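Engineer: pasting the sequence and the predicted model now:
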Amino acid sequence: MKNPVEERFAEFHQKWMCQVEENLQRLLEASRQISPRAEREALVSKVTTHFKGYYIAKWEAAHEDVLAFFSPVWLSPLENAYLWVTGWKPSMAFPMIESLRPAAEMSEEQMKKVKELRVKIRLEEEKVEREMERQQVALADRRMVELARLAGQIRNGGLMGEENALVEVALKGLLSGLERVMKAADCVRLKTLKGLLEVLSPLQRVDFLAAILMFQVNIRKWGMKRAGFR
């Protein structure tokens, strides 16, 4: 059964994905047709704004219940299998760049910048992973083990008051740590997107965003079909 945060975000996510599909069709049309540069740039801006809106809504909901995003009920098991700290792994974007039709048309300067960004993003991914590991290890330190024992006694009616407050404070600290790691990972995702778009030409940006959205839409369709949903 979904809690209120999961209910609200599941509804938001469903509407957000509908807009993703619409944006994908517009990007594919823009890629096939010869359109003015200004129109392509306006479309890219619209799609990136839609991406940013997702993270604004995510952070607001996660402040109420961050654990919902580490095991999201609105995603299929296949989608969950691809999650990296509550979302897509930033380094996944670089193979998409290499597989694009205009990739062969990229200048040496563009390829150099993409390579440099890839190294930088990998370092930031590793930083997030180390922080996530630190949070996981903190869950099993001596203080938390003792508090877990106290929490068991509280449930059995053995402890009250101050001990209960200590458990609540400790849990609040753990959840706050997970929220920080989640936001750090999201910032790396947004930085990757921004960095690559700055390197690409208007047409390459359209094709790149179309590839990202196509992957997102298809993974969801395959995952929902495999899970038995329509």
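Structural biologist: Looks like it arrived, so ask away. From a predicted model like this one, the values you see are computed outputs, not experimental measurements. Residues are numbered from 1 along each chain as shown.

Engineer: how about the helices in this structure?
Structural biologist: Assigned helices in the chain, in chain order: 4-32, 37-64, 77-81, 93-99, 108-138, 142-155, 162-199, 202-226 (criterion: DSSP state H).

Engineer: helices or strands up against the second one?
Structural biologist: Okay, so that is helix 37-64. For helix 37-64, the packing partners by 3 or more C-beta pairs under 8 Å, 6 or more residues apart in numbering; DSSP states H and E come out as helix 4-32, helix 162-199, helix 202-226. In short, each C-beta sits where N, CA and C put it, glycine included.

Engineer: mean pLDDT for those helices: which is lowest?
Structural biologist: Between the helices and strands packed on helix 37-64, the lowest average pLDDT goes to helix 162-199, which shows a mean of 87.

Engineer: so can I have CSV of the helices and strands packed on helix 37-64 showing mean neighbour count and distance to residue 96?
Structural biologist: Formatted as CSV, the helices and strands packed on helix 37-64 follow (neighbours: other C-beta atoms under 10 Å; distance: least, C-beta to C-beta, whole Å):
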stretch, mean neighbour count, distance to residue 96
helix 4-32, 16, 13
helix 162-199, 16, 9
helix 202-226, 18, 5
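
Engineer: that older thread, quick one: closest of the helices of the chain to residue 87.
Structural biologist: Each of the helices of the chain was checked against residue 87 via C-beta to C-beta, and the shortest separation belongs to helix 162-199, namely 5.8 Å.

Engineer: by contact count, what packs against the closest one?
Structural biologist: When contacts are defined as 3+ C-beta pairs under 8 Å, 6+ apart, helix 162-199 sits against helix 37-64, helix 93-99, helix 108-138, helix 142-155, helix 202-226.

Engineer: figure out how far that helix is from the centre of its chain.
Structural biologist: 12 Å (C-alpha atoms, centre = their mean, to the nearest Å).

Engineer: report the inter-axis angle for that helix versus helix 202-226.
Structural biologist: When axes from the mean of the first three to the mean of the last three C-alpha atoms, to 10 degrees is applied, the directions of helix 162-199 and helix 202-226 differ by 140 degrees.

Engineer: if we can go back for a sec, want to throw the helices and strands packed on helix 37-64 into TSV with distance to residue 108?
Structural biologist: Below are those laid out as TSV (distance: least, C-beta to C-beta, whole Å):
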stretch	distance to residue 108
helix 4-32	24
helix 162-199	12
helix 202-226	15
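
Engineer: which of the ones you listed sits closest to residue 77?
Structural biologist: With C-beta to C-beta as the criterion, residue 77 lies closest to helix 202-226 of the helices and strands packed on helix 37-64, at 6.6 Å.

Engineer: which helices and strands sit right next to that closest one?
Structural biologist: helix 4-32, helix 37-64, helix 77-81, helix 93-99, helix 162-199.

Engineer: look up how far residue 52 lies from residue 34.
Structural biologist: Between residue 34 and residue 52 the distance is 29 Å, computed by C-beta to C-beta, to the nearest Å.

Engineer: those two: which has the busier surroundings?
Structural biologist: Summary of the neighbour comparison: residue 34 and residue 52, criterion other C-beta atoms under 10 Å, with residue 52 having more neighbours (12 against 6).

Engineer: what residues are up against the residue nearest to residue 213 when sequence neighbours are not counted?
Structural biologist: Computed as C-beta to C-beta, 6 or more residues apart in numbering, the closest residue to residue 213 that is not its neighbour in sequence is residue 24, at 4.2 Å. Contact analysis of residue 24 by C-beta atoms under 8 Å, 6 or more residues apart in numbering lists 210, 213, 214, 217.
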